[in-house]
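Student: Give me a 3D structure for the following:
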Amino acid sequence: MSRIIALSGSLRRHSYNSGLLRAARQLMPDGVALEIGTIADVPLYNGDIEEEEGIPAAVTRLKDAIADADGLLLSTPEYNNSIPGVFKNAIDWISRPPADSARVFRGKRVAIIGASPGGFGTVLAQNAWLPVLRTLGVELWNGRRLMVSEAGQIFDAEGNLVNESIRNHLKAFLEEFAAVLGE
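Tutor: Numbering: from 1, shown residues only. The predicted structure follows:
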């Protein structure tokens, strides 16, 4: 069985991006498990903390989960036309120390999805992830894109995906991503 770890770049309780991942967990093809991790307990990166206290437990859990998974699915919001700071911060922590980054990221198959209330979805945030992911040495999967725009009409008040067309697109996205994990 293939295993995907998924991370939402939003801390909001009724986040569209967390809702996208909950829907993804329900739509996974047979033989593939999706585990949703959280960045909520990851502190702001501080080199002094790393030097004095080491890697925080929440970061270690995420690092190990990603390293053990066959793939990584990032669900990114778009803030000010780019990556949310809290999400980038979590990935920065997970890449520490540099000597351990390859164990976690090198060659890891990664896919990006995202939802935003704006009219362009998360196209700019997804593009902003590209140099970061390239630096980490991941194997970015570009088989399909999923950028949900006008998310306020696609999700209910609790952040649950209620649009059947987007559910179908997400299902196809997941099936194609899962297929490359088995290769």
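Student: how about Met147, what does it touch?
Tutor: Ile113, Gly114, Ala115, Ser116, Phe120, Gly121, Thr122, Val123, Gln126 (C-beta atoms under 8 Å, 6 or more residues apart in numbering). C-beta: built from backbone N, CA, C; applies to glycine.
Student: Which ones among the residues you listed map onto helices?
Tutor: Here DSSP state H is the test, and the contacts of Met147 give Val123, Gln126 as lying in helices.
Student: Now the buried members of the contacts of Met147.
Tutor: Ile113, Gly114, Ala115, Ser116, Gly121, Thr122, Val123, Gln126 (16 or more other C-beta atoms under 10 Å).
Student: Dump those residues into TSV; add distance to Gly182 and pLDDT as well.
Tutor: Written out in TSV, the entries for the buried ones among the contacts of Met147 read as follows (distance: C-beta to C-beta, whole Å; pLDDT from 0 to 100):
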residue	distance to Gly182	pLDDT
Ile113	20	98
Gly114	25	98
Ala115	27	98
Ser116	31	97
Gly121	28	94
Thr122	27	97
Val123	29	97
Gln126	24	98
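Student: low-scoring pLDDT stretches of the protein, where are they?
Tutor: Scanning the chain for pLDDT under 70 picks out nothing.
Student: all helices in it, in order from the N-terminus.
Tutor: Using DSSP H, the helices found in the chain span residues 16-27, 47-53, 57-68, 85-94, 98-105, 123-136, 164-181.
Student: Now do Ala115 against Gly152, distance only.
Tutor: To Gly152, Ala115 is 10 Å away according to C-beta to C-beta, to the nearest Å.
Student: ok, now which ones touch the closest residue to Ala157 other than its chain neighbours?
Tutor: Nearest residue to Ala157, sequence neighbours excluded (C-beta to C-beta, 6 or more residues apart in numbering): His14, at 6.7 Å. His14 makes contact with Ala157, Glu158, Gly159, according to C-beta under 8 Å, 6+ apart.
Student: Count residues in the vicinity of Ser165, would you?
Tutor: Using other C-beta atoms under 10 Å, Ser165 is surrounded by 8 other residues.
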